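A.B. asks: Whatever this is, show me its structure:
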Amino acid sequence: MPCDTSNVKLGPCTVKIDGEDIGLTKGGVTLSISTTSRMLNDNHFGSVLPDRVITKREIMIKIPFAESTMENMLLALPGSAHTVNASKERLDVYEAGGTLLRENAVELVLQPVGSSNENEKVTIPLAVTDGTTSLSWQIKKERVFEVEFQALENANGLMMFFGDATA
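C.D. replies: So this is what the prediction gives:
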């Protein structure tokens, strides 16, 4: 395979949740895919490994939200309620025990900044978060809150895809 420097990519991405751009991020969005597998062996082959079987796959997306808006906090905290009354806003965060996260699943799309190439998109059709996050108010730092989303599989077992949804 010949080398092609045009395939070397760098830079941030935009994040869209259910089609809405969440705004700026700081520190980089991270997509992690982890796969657990198990060796298959039997008495006939002894210690020779006949095969491996995938037992689990997890896809996690860490998003450091730089824009501390009520809308972004609502996305990060399932089971919360956002109230707007004229110029006044309030976000009520409830205990939310028993909340089924699949009911609040969102479509999450990552696309490199400045690219309109649909083939560079990463789409997670069903992404959920349990609301674990932290905020820090510091004199010389931006108030960034990191939210971790996890991909759930759809009815066909699909968790994520790279590229154009219409392909």
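
A.B. asks: what about the residue positioned nearest the centre of the chain, which SS state?
C.D. replies: Geometric centre of the chain, nearest residue: residue 61, 3.1 Å, by Cα atoms, centre = their mean. Classification of residue 61 using DSSP: H, G, I helix; E, B strand; the rest coil returns strand.

A.B. asks: That one bridge partners, please.
C.D. replies: residue 31, residue 149 (DSSP bridges).

A.B. asks: Please name the residues that touch it.
C.D. replies: 29-32, 108, 110, 124, 127, 148-151 (Cβ atoms under 8 Å, 6 or more residues apart in numbering). (C-beta placed from N, C-alpha, C; glycine too.)

A.B. asks: which one among these gets closest to residue 9?
C.D. replies: residue 110 (12.3 Å; Cβ to Cβ).

A.B. asks: Starting from residue 31, give me the distance back to the residue lying farthest from the centre of the chain.
C.D. replies: No residue in the chain sits farther from the centre than residue 44, which is 43.6 Å out by Cα atoms, centre = their mean. Note on residue 44: its distance to residue 31, by Cβ to Cβ, to the nearest Å, is 41 Å.

A.B. asks: Which of the contacts of residue 61 are buried, as a PyMOL select command?
C.D. replies: PyMOL command restricting the contacts of residue 61 to the buried ones, with burial defined by 16 or more other Cβ atoms under 10 Å:
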select buried, resi 29+31+108+110+124+127+148+149+150+151
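
A.B. asks: State the distance from the spatially closest residue to residue 143 that is not a sequence neighbour to residue 135.
C.D. replies: In space, and not counting its chain neighbours, residue 143 is closest to residue 68: 5.2 Å by Cβ to Cβ, 6 or more residues apart in numbering. Distance, residue 68 to residue 135, using Cβ to Cβ: 7 Å.

A.B. asks: Quick check: which ranges of this protein have low pLDDT?
C.D. replies: Filtered on pLDDT under 70, the chain yields the residue ranges 45-47.

A.B. asks: Which parts of the protein are helices?
C.D. replies: Taking DSSP state H to define them, one finds helices in the chain at 70-76.

A.B. asks: coming back round to it: if I look at residue 68 and residue 135, which residues touch both of them?
C.D. replies: By Cβ under 8 Å, 6+ apart, residue 68 and residue 135 have these common neighbours: 143, 145.

A.B. asks: Quick check: nearest residue in space to residue 128, chain neighbours excluded?
C.D. replies: residue 101 (3.9 Å).

A.B. asks: That neighbour - how many residues pack around it?
C.D. replies: Number of residues near residue 101 (other Cβ atoms under 10 Å) recorded here: 17.
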